[in-house]
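Colleague: I need the structure of the sequence given here:
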Amino acid sequence: MSNDAATAANATSARITTPGSEGSEAEPPVLGLGVSLPPADARAKTEGTFPYAADLWAEGLLWAAVLRSPHPHARILSVDTSAAVGMPGVRAVITHEDIPGEREYGRRIVDRPVFASDLVRHHGEPIAAVAADHPDTARLAAAAIAVEYEVLEPVTDPEKSFAAEPLHPDGNLIRHIPLRYGDPEATGEVVVEGLYRIGRQDPAPIGAEAGLAVPRPDGGVEIYTASTDPHTDRDLAAACFGLEPERVKIVVTGVPGATGDREDPGFQLPLGLLALRTGCPVKLTATREESFLGHSHRHPTLLRYRHHADAEGRLVKVEAQILLDAGAYADSSSESLAAAVAFACGPYIVPHAFIEGWAVRTNNPPSGHVRGEGAMQVCAAYEGQMDKLAAKLGIDPAELRLRNALATGDILPTGQTVTCPAPVSELLTAVRDFPLPDLPKDTPEDDWLLPGGPEGAGEPGAVRRGVGYALGMVHMLGAEGADEVSTATVRVHDGVATVICAAVETGQGFSTLARQVVQETLGIEEVHVASVDTDQPPAGPAAHGRHTWVSAGAVERAAKMVRTQLLQPLAHKFGMSTELLQIADGKITSYDGVLSTTVTEAMDGKELWATAQCRPHPTEPLDESGQGDAFVGLAFCAIRAVVDVDIEIGSVRVVEMALAQDVGRVLNPAQLAIRIEAGVTQGIGAALTENLRSARGLIRHPDLTGYTLPTALDAPDIRIVELIEERDVVAPFGAKPASAVPVVTSPAAVAAAVRAATGRPINRLPIRPQAAVASTGS
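Modeller: Numbers count the residues shown, from 1 in each chain. Alright, predicted model coming up:
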């Protein structure tokens, strides 16, 4: 089961219904877009028979284990593998010296070693790997490798990274973006300032990393893993192995949850190296601790803000400093910083903006792509500022936001004109006007709903209710000149359609959407989506809604080409244009009823196929002043959070999240509801519980006991108040990303509600209990 499906069990929707929720009469299946087609693999995942990488097996299988550094910063003086090599059952031990190709990798910037050679730069960095005939033997052998370290002082404060000794040959500064927009001398009648800190949220996939590498007779290797960007991973692996890309094949297995990049190459590369070294299949299944240590997390962020407004509450100028802690390596920090700086003012009209953004290296755990990266951190800060302005001016927080709301045709601080639908005011009005939930005193029997739960220490008399609002925005697809292209093939034979596209199903619903697109275009009910591997043309990473846009767009184009192949002979025979023929429910009919046949009859045993690409309009990098048309499109969300807070002990219960979202077009109602609900729940985790803590660079409690995820008991009522279907004309189907913008918006909404309940500033996420204890007299 995906993270989204697992965390979205508790929401209700005023706008979406699921199959079977309206009456019980059996109806013929409705095909195409706009219906709640269930995933093809839903039953297998529910019954536990769906195969993931951790379930794979091969004849002659060996097991891998990785030795990781116990220090966040150290010089490696020596590595002695002799004890491990001499252990019975050990087949290979490898270090940096055994890498035949490139010894560093990076999906975006090549700066991260496969195995540390001279310096360790973060806790858990790989030093060596072992292959043995039993997993316990492999782990014992890895532990037997003797590494002599000279422990160095770690740099863990990103503010001190600027002046610290370089942690990497590329230096400590990964990127600096100075955004300059408008008049620097502009001032407002009212000024508010704030300092905000956002913690380190982990993707916490429901299934930890795993993979199987199998050597090939031609000297190459196949790697079976839950990659979300298989072609990039193949190219990195080929460079590391010293092989041509065509001799390395990534086969994508089931993805057990992905709200960020899955299967960091740091897990895949040792696997492939060991398989090539031993000539045997090698399997690695990470423990939860190894998963926490090995993959990237959300960037911890420090934000300083100053907002200027006039006496009516209209924004005049925003000044901000944004500092992202990238950890030891660059990963996606440049892209995350661009989003943070570009969206630092939020979905508001700001005539003057001056933003400084930095991403720096430290010896903290590595940061990278996590859903809503960059945008989530700044949303918490700018919405905190809007609450401060509202309080200082004595204006209702929702009304203040409405006075400044962005709309289509307005200009972002990056100088880019908002050309896509931007119904920000409509979204906020919808959640503001939605009825509030009952107060606790109206339902005294629900004592267990008090903050802290049935066993909590809270008292009903200490509970205060708070209502808060937040507006969020994210960009669609890649940014700053990224080439967003995808390729798909549609093949039809014997009344069955097959889609071949290297877009990975991560739980976002691409496989279901591809089936719906073909059903809509060709009228064929039975549609299969082929499993993904790198023998197929690339489709790019699963991020920023790109597979809904470019990959599903490529599927649609290929299906339309097949449709033309199917209809042209009939149109020619009856002397009419193909535009006068329609396909629905497996039947082909003409506008005048003269022609009526089935798709199967029209196929007449032939096989039809077509391949197509989809590429959105180009973007450009931000220039030296932070200006440029950097984004293909934008999506927006408004959330009203209602919380109950025990102001004596600081415990918080989220009662309800009312949401209105700009979705462009609803393609699958049930699937969309799940995506939104899961995004909200992930955001609640960032607001209240999720923070991968470290002390002097050492991760504390890297497990699901120390790292607290929200459960079904923590999930509130999620009310989808309105979905605005104003189609983006440049997007295939007109649809927009679904799950990132609720993740971005919900932490800010929860923080706003806690502010309203307690009167405290709430400038740190996750919210600590001591921060939610009301001031004396509150």
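Colleague: Do you have the strands of the stretch 501-650 of the chain handy? List them.
Modeller: 527-529, 581-584, 587-590, 596-598, 608-614, 631-646 (DSSP state E, counting those that start in this stretch).
Colleague: Now the longest helix seen in the chain: buried residues?
Modeller: In the chain, with assignment by DSSP state H, the single longest helix is helix 552-574. By 16 or more other CB atoms under 10 Å, the buried positions in helix 552-574 come out as 552-563, 566-567, 570-571. C-beta: built from backbone N, CA, C; applies to glycine.
Colleague: any idea of the angle it forms with strand 608-614?
Modeller: 140 degrees (axes from the mean of the first three to the mean of the last three CA atoms, to 10 degrees).
Colleague: where does helix 552-574 sit relative to the chain's centre, distance-wise?
Modeller: Relative to its chain's centre, helix 552-574 lies at 35 Å (CA atoms, centre = their mean, to the nearest Å).
Colleague: by contact count, what packs against it?
Modeller: The contact analysis (3 or more CB pairs under 8 Å, 6 or more residues apart in numbering; DSSP states H and E) places helix 552-574 against strand 486-493, strand 496-501, helix 510-522, strand 581-584, strand 587-590, helix 599-603, strand 608-614.
Colleague: Out of the ones you listed, the one nearest Gly664 is which?
Modeller: Closest approach to Gly664 among those is made by helix 510-522 (13.3 Å; CB to CB).
Colleague: Identify the residues contacting that closest one?
Modeller: 31-33, 35, 37-41, 488, 490, 492, 497, 499, 501, 503-505, 524-525, 527-529, 542, 547-548, 551-552, 555-556, 559-560, 562-563, 566, 583, 599, 667-668, 671 (CB atoms under 8 Å, 6 or more residues apart in numbering).
Colleague: hmm, back to that, please render the helices and strands packed on helix 552-574 as JSON lines that adds mean neighbour count and distance to Leu634 to the earlier fields.
Modeller: JSON lines is the format used below for the helices and strands packed on helix 552-574 (neighbours: other CB atoms under 10 Å; distance: least, CB to CB, whole Å):
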{"stretch": "strand 486-493", "mean neighbour count": "23", "distance to Leu634": "20"}
{"stretch": "strand 496-501", "mean neighbour count": "22", "distance to Leu634": "25"}
{"stretch": "helix 510-522", "mean neighbour count": "25", "distance to Leu634": "21"}
{"stretch": "strand 581-584", "mean neighbour count": "16", "distance to Leu634": "34"}
{"stretch": "strand 587-590", "mean neighbour count": "17", "distance to Leu634": "39"}
{"stretch": "helix 599-603", "mean neighbour count": "16", "distance to Leu634": "39"}
{"stretch": "strand 608-614", "mean neighbour count": "18", "distance to Leu634": "19"}
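Colleague: and stretch 674-685, C-alpha only, in PDB?
Modeller: What follows is stretch 674-685, C-alpha atoms only, in PDB (Å, rounded to 0.1, in the frame of the first residue of the first chain):
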ATOM      1  CA  ILE A 674      -7.100  10.200  -1.400                       C
ATOM      2  CA  ARG A 675      -4.300  12.400  -2.700                       C
ATOM      3  CA  ILE A 676      -5.700  15.500  -1.000                       C
ATOM      4  CA  GLU A 677      -6.400  13.700   2.300                       C
ATOM      5  CA  ALA A 678      -2.900  12.100   2.300                       C
ATOM      6  CA  GLY A 679      -1.300  15.500   1.600                       C
ATOM      7  CA  VAL A 680      -3.200  17.100   4.500                       C
ATOM      8  CA  THR A 681      -2.200  14.300   6.900                       C
ATOM      9  CA  GLN A 682       1.400  14.600   5.900                       C
ATOM     10  CA  GLY A 683       1.200  18.300   6.500                       C
ATOM     11  CA  ILE A 684      -0.300  17.700  10.000                       C
ATOM     12  CA  GLY A 685       2.700  15.500  10.800                       C
END
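Colleague: rewinding a little: between the helices and strands packed on helix 552-574, which gets nearest to Gly633?
Modeller: So among the helices and strands packed on helix 552-574, strand 608-614 is nearest, using CB to CB, at 14.0 Å.
Colleague: how far away is the spatially closest residue to Glu383 that is not a sequence neighbour from Pro742?
Modeller: Once flanking residues are discounted, Glu383 sits nearest to Ala748: 3.9 Å by CB to CB, 6 or more residues apart in numbering. Going from Ala748 to Pro742 by CB to CB, to the nearest Å gives 11 Å.
Colleague: what sits in contact with each of the two?
Modeller: Shared contacts of Ala748 and Pro742, counting by CB under 8 Å, 6+ apart, come down to 472, 639.
Colleague: Look at Val485 and say how many residues are nearby.
Modeller: Number of residues near Val485 (other CB atoms under 10 Å) recorded here: 17.
Colleague: hang on, it packs against Ser551?
Modeller: No: taking contacts as CB atoms under 8 Å, Val485 lies outside contact range of Ser551: 9.8 Å.
Colleague: Could you tell me which residues touch both of these two?
Modeller: Common neighbours of Val485 and Ser551 are listed as 540, 614 (criterion: CB under 8 Å, 6+ apart).
Colleague: Can you point out the helix or strand that includes the residue nearest to Glu383?
Modeller: Using DSSP states H and E, Ala748 sits within helix 740-758.
Colleague: Just the CA trace of that helix, in CSV.
Modeller: Provided in CSV are the C-alpha atoms of helix 740-758 (Å, rounded to 0.1, in the frame of the first residue of the first chain):
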residue,chain,number,x,y,z
ALA,A,740,1.8,18.8,-2.9
VAL,A,741,-0.2,21.9,-2.3
PRO,A,742,-2.1,20.5,0.7
VAL,A,743,1.2,19.4,2.2
VAL,A,744,2.5,22.9,1.8
THR,A,745,-0.6,24.7,3.2
SER,A,746,-1.8,22.5,6.1
PRO,A,747,1.2,23.1,8.5
ALA,A,748,0.7,26.8,8.2
ALA,A,749,-3.1,26.5,8.8
VAL,A,750,-2.5,24.3,11.9
ALA,A,751,0.0,26.8,13.3
ALA,A,752,-2.4,29.7,12.7
ALA,A,753,-5.1,27.9,14.6
VAL,A,754,-2.8,27.2,17.5
ARG,A,755,-1.9,30.9,17.5
ALA,A,756,-5.6,31.8,17.7
ALA,A,757,-6.2,29.4,20.5
THR,A,758,-3.2,30.3,22.7
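Colleague: in the stretch 651-778 of the chain, which spans are strands?
Modeller: Using DSSP E, counting those that start in this stretch, the strands of the stretch 651-778 of the chain run over residues 652-662, 694-695, 698-699, 717-724, 764-765.
Colleague: With that, I have no additional questions.
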